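>>> below are the sequence and a predicted model for it; my questions follow.
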Amino acid sequence: MAKRAEQPARLESGAGEGRPQRSLTEQLASTARVLAKTVALVARVAPRGAAAMSVATLAGALLPVAIALTAKAIVDAVVAHDRAAAVRWVAIECGLVTAQVVAARVLAALQQVLGERLRIAITSKVLEKAAAVPMSRFEDGEFYDRLTRVREESTFRPISAVVETFRLLQAGITLCAYLAVLLPYSWVLSLVLLGAALPAAFVDVWFSRSRFLMRYWQSPEGRKLNYLGHVMTQEASVKEVKLLGLSDLLIARFRATSDVMYRDSAALARRQTAWAISFSAGSSAVFYACYLAVVLAAVVGRITLGAMTLYVMAFRQSQQAFESLLGAFGAVYENTLYMSNFFEYLALPEGPVEADRPRLLPAARSERGIRFDQVGFRYARRDPEGFGAEDPWALRGLSFFVPEGQSVALVGPNGAGKTTLVKLLLGLYPPSEGVILLDGRDLDDWDRAALQARYGVVFQDFAGFEFDIRDNVGFGSVAHLEREERIRRAVSLGDLDSFVTRLPDGLATKLGKWAHDGIQVSRGQWQQIALARAFMREEADILVLDEPTASLDAHAEARMFERFRALSRGRTSFIISHRLSALHEVDRILVLDRGRLVEDGPHAALIAAGEIYARMYQRQSAGYDLERGAS
């Protein structure tokens, strides 16, 4: 906790990154810029709603002053025993109060409707940005903290910023109108009343920033709480949680983390309340001193009873308007701090992150195939102090060429770099050094959509989309999502025909538990669906399968490899598999160890060489022989 207490000093207001604090002038300028962006965003999303709110705000600002002036006229009419004037002014006040109620109701309705429009628009922008940023961002803890903050705040902060901005404008207009009434009577008392409200408002602004900083630095704990809740409520993990008796331990960790966050929040709330009460009491004392001065002026006949009523109302309402103005400013300031996170998130670079690497620029090639030329890669990470750093090399010095149409297996112990190689091959990450060429062109130079269209991929950690089977398979080629015959071909290639036939709604059957009528399927069936999704890409000329049969039984695995061999004829294919017996028929095997390419050749040649691949194969073969003997 001591460390987190020190961290806010490193945060620049409205910046979202650890940098030295700025001056008050710079912070106010930043607030103004972010507020202008927010208002412009609202105007783009709902221009008519924003215009209607402006009109309702103006009405809400001026009507209280008009009502106060009408109250003075009523009292003066009563004192003068003017029956007709009293009736007329009461009727006018009734109309003004009714208009005030209508304006308030309309403003509340507009805020609700506009808030919903903004929530949809902002959430859509968050999702669009998540789709546009490179894959490497999703392995960066700082990015996830930023994303967590944006997702948690984006549903209500934009409308809150707009509402408070309109409240600020309304209070400002009301204050100016009351001052126009009060200044002719006593400009000194007016300034005293306004000055008395300043300290309490300053407290609100100060603690708005403190709350922002606290929540900023609590983002990792908040993400931890979300994860603990996910682990204890999702089917994929809840089985082991129950069987291993982890519930009490995880709940204790949830409570411990929550308690730390609660103590921080409670301590901040106590400090703010103590300061606010002190200054508010002083402000009330000043108001009643001014109130007494006006009453005594009426007692000695310096002002009329109607004027006293007007000035008392004006004093009270102007002070409240000023407090509301400063309170709204504090709220606007706090909301713009959060909105700065949103705008910084939207400003994140899109597309591949260019690595700081020497580019080996080869001469123009006419080759057809995939070439790795001295490729190295290491993942970026963030150390505990928040400074950028890098992990050790995941891959280093990889050089090989795979001609068009060749089938290649990637083999090696766990952690050898096989999946990382596949990520580089697919263009999900740029290499840290070296160059990767596809048909003689650097992957960085390819149009992303054209590049992705060439790949049919199944990852080891494949996704299971809890929609119907038609979507799950059809997502493999969104352009052909409505092509029933194509989906059925992919289902057949994925060996799912008998499975789909048994389902009550066939391809329309929903999977998972998000839908009330969804069915549960095994991980092996999810993997077959993922394979079928890859087979939807009939135009893809490069197939990449990362442990495509890890969750399948032996018979399903054998059928799948048979289908894969048939499908990969004439195409370039890469397959990662720990089942070496299934790799006899690939054209070539690349053996990786500790991020380096150590062997390269067909199965028979690698067996004859007697090195790493041969030893791995012999150990697996001995294991299969023992299994057959035991059976």
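Arrived safely. Computed from a predicted structure; not experimentally measured. Numbering: from 1, shown residues only.

>>> so residue 309, which of the three states?
helix (DSSP: H, G, I helix; E, B strand; the rest coil).

>>> my guess is residue 143 meets residue 135, correct?
No. At 11.1 Å, residue 143 does not count as touching residue 135 under the criterion of Cβ atoms under 8 Å. C-beta here means a position set from N, CA and C on the backbone, and glycine is covered the same way.

>>> who has more neighbours, the two?
Neighbour comparison, residue 143 and residue 135: the larger count goes to residue 143, with 17 against 13 (by other Cβ atoms under 10 Å).

>>> ok, the more buried one to residue 82 distance?
The gap separating residue 143 from residue 82 is 72 Å, by Cβ to Cβ, to the nearest Å.

>>> neighbouring contacts of stretch 251-270?
Residues outside stretch 251-270 that contact it (Cβ atoms under 8 Å, 6 or more residues apart in numbering) are 1, 4, 207, 210-211, 214, 218, 221-222, 224-225, 228-229, 232.

>>> so where's the longest helix in this protein?
Taking DSSP state H as the criterion, the chain has its longest helix at helix 247-299.

>>> for that helix, what is the distance to the chain centroid?
31 Å (Cα atoms, centre = their mean, to the nearest Å).

>>> give me the contact list for stretch 286-304.
Counting by Cβ under 8 Å, 6+ apart, 75-76, 79, 185, 189, 192-193, 196, 305, 307-308, 311-312, 315-316, 319 sit against stretch 286-304.

>>> which ones among those map onto strands?
Using DSSP state E, no member of these falls within strands.

>>> buried residues in the one helix or strand residue 437 maps to?
For residue 437, the host element (DSSP states H and E) is strand 433-438. Of the residues in strand 433-438, 433-438 count as buried by neighbour count, 16 or more other Cβ atoms under 10 Å.

>>> and the two most separated of the contacts of stretch 286-304?
79 and 196 (31.1 Å; Cβ to Cβ).

>>> which one of those two has more residues nearby?
residue 196 (22 against 12).

>>> pLDDT wise, what is that one at?
You'll see residue 196 listed with a pLDDT of 67.

>>> ok, back up a step: need the buried residues of strand 433-438 in CSV (columns: distance to residue 559).
Below are the buried residues of strand 433-438 laid out as CSV (distance: Cβ to Cβ, whole Å):
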residue, distance to residue 559
433, 41
434, 38
435, 39
436, 33
437, 35
438, 31
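
>>> of the residues you listed, which is the nearest to residue 484?
Closest to residue 484, out of all of the buried residues of strand 433-438 and judged by Cβ to Cβ, is residue 438, at 32.5 Å.

>>> isn't the closest one up against residue 368?
No. The pair residue 438 / residue 368 is not scored as a contact, 9.3 Å apart, by Cβ under 8 Å.

>>> of the contacts of stretch 286-304, which is the most crowded?
residue 311 (27 neighbours).

>>> ok, that one to residue 304 distance?
10 Å.

>>> and what of residue 286?
25 Å.

>>> and for residue 477?
83 Å.

>>> of the two, which one has the most company?
residue 477 (22 against 15).

>>> which element, helix or strand, includes the residue nearest the centre of the chain?
Nearest to the mean C-alpha position of the chain, by Cα atoms, centre = their mean, lies residue 147 at 3.4 Å. In this assignment (DSSP H and E), residue 147 forms part of helix 141-153.

>>> got the angle for the next helix or strand after that helix vs helix 141-153?
Going down the chain from helix 141-153, the next helix or strand is helix 157-182, by DSSP H and E. Per axes from the mean of the first three to the mean of the last three Cα atoms, to 10 degrees, the angle that helix 157-182 makes with helix 141-153 is 60 degrees.

>>> counting by contacts, list what helix 157-182 packs against.
helix 24-45, helix 47-79, helix 83-132, helix 187-217, helix 305-346 (3 or more Cβ pairs under 8 Å, 6 or more residues apart in numbering; DSSP states H and E).

>>> can you get me the centre-to-centre distance for the third one and its chain?
For helix 83-132, the distance between its averaged C-alpha position and the chain's averaged C-alpha position is 29 Å (Cα atoms, centre = their mean).

>>> where does the stretch 351-500 of the chain have low pLDDT?
Under the criterion pLDDT under 70, the flagged ranges of the stretch 351-500 of the chain are 351-365, 380-391.

>>> would you mind finding the most buried of the helices and strands packed on helix 157-182?
helix 305-346 (a mean of 22; mean count of other Cβ atoms under 10 Å).

>>> the inter-axis angle of it versus helix 83-132?
10 degrees.

>>> compute the inter-axis angle for helix 305-346 and helix 247-299.
150 degrees.

>>> now find how far off-centre the following helix or strand past helix 305-346 is within its chain.
Later in the chain than helix 305-346, the nearest helix or strand by DSSP H and E is strand 369-377. Computed by Cα atoms, centre = their mean, the chain-centroid distance of strand 369-377 equals 34 Å.

>>> now do the contacts for residue 212.
Neighbours of residue 212 in contact, by Cβ under 8 Å, 6+ apart: 334, 337-338.

>>> thinking again about what came up before, of the contacts of stretch 251-270, select the buried ones using a PyMOL command.
The buried residues among the contacts of stretch 251-270 can be selected in PyMOL (16+ other Cβ under 10 Å) with this line:
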select buried, resi 207+211+214+218+222+224+225+228+232
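
>>> from residue 35, how far out is residue 455?
Taken as Cβ to Cβ, the span from residue 455 to residue 35 is 45 Å.

>>> swap that for residue 229, please
34 Å.

>>> repeat that for residue 402.
55 Å.

>>> could you do residue 252 as well?
43 Å.

>>> residue boundaries of the helices in the stretch 451-600 of the chain?
With DSSP state H, counting those that start in this stretch as the criterion, the stretch 451-600 of the chain has helices at 469-474, 484-493, 497-502, 523-535, 554-567.

>>> need those in JSON lines (columns: distance to residue 176 and mean neighbour count).
Putting the helices of the stretch 451-600 of the chain into JSON lines (distance: least, Cβ to Cβ, whole Å; neighbours: other Cβ atoms under 10 Å) gives the following:
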{"stretch": "helix 469-474", "distance to residue 176": "58", "mean neighbour count": "24"}
{"stretch": "helix 484-493", "distance to residue 176": "66", "mean neighbour count": "18"}
{"stretch": "helix 497-502", "distance to residue 176": "71", "mean neighbour count": "12"}
{"stretch": "helix 523-535", "distance to residue 176": "63", "mean neighbour count": "22"}
{"stretch": "helix 554-567", "distance to residue 176": "75", "mean neighbour count": "15"}
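
>>> okay if I get those helices as CSV plus distance to residue 413?
As requested, those are exported to CSV (distance: least, Cβ to Cβ, whole Å):
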stretch, distance to residue 413
helix 469-474, 33
helix 484-493, 31
helix 497-502, 34
helix 523-535, 23
helix 554-567, 21
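
>>> among those helices, which comes closest to residue 421?
Judging these by Cβ to Cβ, what sits closest to residue 421 is helix 523-535, at 18.1 Å.

>>> tell me the helices and strands packed up against that closest one.
strand 455-458, helix 469-474, helix 484-493, strand 542-546, helix 554-567.

>>> got the contact list for the first one?
Right, strand 455-458. 426, 476, 527, 530-531, 533-537, 540, 542-546, 548.

>>> circling back: which pair in the contacts of stretch 251-270 has the greatest spatial separation?
Of all pairs in the contacts of stretch 251-270, the most separated under Cβ to Cβ is 207 and 232 at 34.1 Å.

>>> so who does the closest residue to residue 406 other than its chain neighbours touch?
What sits nearest to residue 406 in space, not counting adjacent residues and going by Cβ to Cβ, 6 or more residues apart in numbering, is residue 587, at 4.9 Å. Taking Cβ under 8 Å, 6+ apart, we find residue 587 in contact with 406-408, 602.

>>> now, among the residues you listed, which is nearest to residue 172?
residue 408 (69.7 Å).

>>> list the contacts of the closest one.
Counted by Cβ under 8 Å, 6+ apart, residue 408 has contacts 402, 572-575, 586-590.
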